[in-house]
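Asks: okay, predicted coordinates and the sequence, questions at the end:
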Amino acid sequence: MSTKHAPVVPTVKSTGSAPAFFSCWDIHSYYGESYIVQGVSFDIREGEIVALLGRNGAGKTSTLRSIARVDSPQVTHGEIWLDHQPLHTMKSHQAAQLGVGLVPEDRRIIAGMTVEENLILAQIAPPVGWTIERIYEHFPRLAERRNQEATTLSGGEQQMLAVARALARDVKLLLDEPYEGLAPVIVHEIERIVDGIKELGMTTIIVEQNAVAALRLADRAIILDMGQVVFDGLAQEVLDNAELRQQYLAI
Ligand SMILES: Nc1ncnc2c1ncn2[C@@H]1O[C@H](COP(=O)(O)OP(=O)(O)OP(=O)(O)O)[C@@H](O)[C@H]1O
Ligand SMILES: [Mg+2]
């Protein structure tokens, strides 16, 4: 090995980790008196897909809603940062303008409107993201059904439309959770949707009742239990660890 030193170039010394693209720190949230999110912290790198998992009632939806800054639950403590912007100081519409896409909130599919009309409506206010043509290239199924009334789409197709509506806006962080009460979405449809998201390189937190499907496609997994993070690591570790799955996911 050469003993010659490389020319000295002034550089910023690396701390070993880039500042996170998204980070939430010690979030506590309440529904009225009911204390639900109890000190949740995690970071996400740009382009990463994180599966947020946990049993029924663990606090997944409440965590997504806290991040999206919707009115309830009320966040009483903690910080939430997206791309250097303090979401914790904002209302939901401001967070949405900065690029937080909460898919259930976007699922306001209007009866009597076609797939295409629903996409056009998503672009009514700035910031505008993908063009409708680009969305169709990515989701050929929606292109085929552009003139179909959106409420008659299958569960998986409605989920696809919800993601497409988020893309039609300029989304930086996608918070994706199939609408509760929707007929169970079949696994290969979920995989197609998440695969689609993965191809886009969009930073995503996905909450999905089918934990195995979500884990197969996510980079990382965060498991919540009783409003607290009990695991934060590689999705593969959860797939490999039956005890962990049994304890916190009952799968
Ligand atoms: N609007 C509300 N008012 C009071 N309590 C609520 C409200 N919404 C949710 N909760 C409670 O907060 C806790 C966490 O709920 P949350 O919906 O975040 O769970 P989850 O992990 O998404 O569960 P699931 O897998 O069943 O969707 C539950 O005990 C739930 O009953
Ligand atoms: Mg939920």
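Replies: Cool, got the structure. Ligands and ions are numbered 1, 2, ... in the order given.

Asks: so what's the nearest residue to residue 102 once chain neighbours are set aside up against?
Replies: Counting by C-beta to C-beta, 6 or more residues apart in numbering, residue 102 lies nearest to residue 68, which is 4.0 Å off, once chain neighbours are set aside. Placement of C-beta: from N, CA and C, glycine included. Each residue near residue 68 by C-beta atoms under 8 Å, 6 or more residues apart in numbering is listed here: 92, 95, 96, 100, 102, 105, 175.

Asks: and those residues as a markdown table, adding secondary structure and pLDDT?
Replies: Below are the contacts of residue 68 laid out as a markdown table (DSSP: H, G, I helix; E, B strand; the rest coil; pLDDT from 0 to 100):
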| residue | secondary structure | pLDDT |
| --- | --- | --- |
| 92 | helix | 93 |
| 95 | helix | 94 |
| 96 | helix | 89 |
| 100 | strand | 93 |
| 102 | strand | 88 |
| 105 | helix | 64 |
| 175 | strand | 88 |
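
Asks: please report which of these has the highest neighbour count.
Replies: Counting neighbours by other C-beta atoms under 10 Å, residue 100 comes out on top of the contacts of residue 68 with 27 neighbours.

Asks: surely it touches residue 176?
Replies: No - here residue 100 lies out of contact with residue 176, judged by C-beta atoms under 8 Å, at a distance of 11.7 Å.

Asks: can you tell me how far the residue nearest to residue 102 is from ligand 2?
Replies: 13 Å (C-beta to the ion, to the nearest Å).

Asks: now do that residue, the pLDDT please.
Replies: If you check residue 68, the pLDDT there is 95.

Asks: phi first, then psi, for it.
Replies: Here is the backbone geometry of residue 68 (degrees, to the nearest 10): phi -80, psi -10.

Asks: distance of it relative to residue 98?
Replies: Taking C-beta to C-beta, to the nearest Å as the measure, residue 68 falls 11 Å from residue 98.

Asks: can you check residue 237 too?
Replies: For residue 237 relative to residue 98 (C-beta to C-beta), the value is 32 Å.

Asks: which of the two has more residues huddled nearby?
Replies: Set residue 237 next to residue 98 and count neighbours by other C-beta under 10 Å: residue 98 wins out with 19 against 13.

Asks: that one contacts residue 86, doesn't it?
Replies: No - applying C-beta under 8 Å as the test, residue 98 and residue 86 come out as separate, 9.9 Å apart.

Asks: alongside ligand 1, which residues does the stretch 51-200 of the chain contribute?
Replies: Contact residues, the stretch 51-200 of the chain versus ligand 1 (C-beta under 6 Å from any ligand atom): 54, 56, 57, 58, 59, 60, 61, 62, 72.

Asks: just give the number of residues close to the last one.
Replies: This means residue 72. By other C-beta under 10 Å, 13 other residues sit near residue 72.

Asks: ditto for the first one
Replies: Other residues within reach of residue 54, judged by other C-beta under 10 Å, total 23.

Asks: contacts only, for the closest residue to it other than its chain neighbours.
Replies: Nearest residue to residue 54 in three dimensions, chain neighbours excluded: residue 224, at 3.8 Å (C-beta to C-beta, 6+ apart). Residues in contact with residue 224 (C-beta under 8 Å, 6+ apart) are 40, 52, 53, 54, 58, 59, 60, 63, 230.
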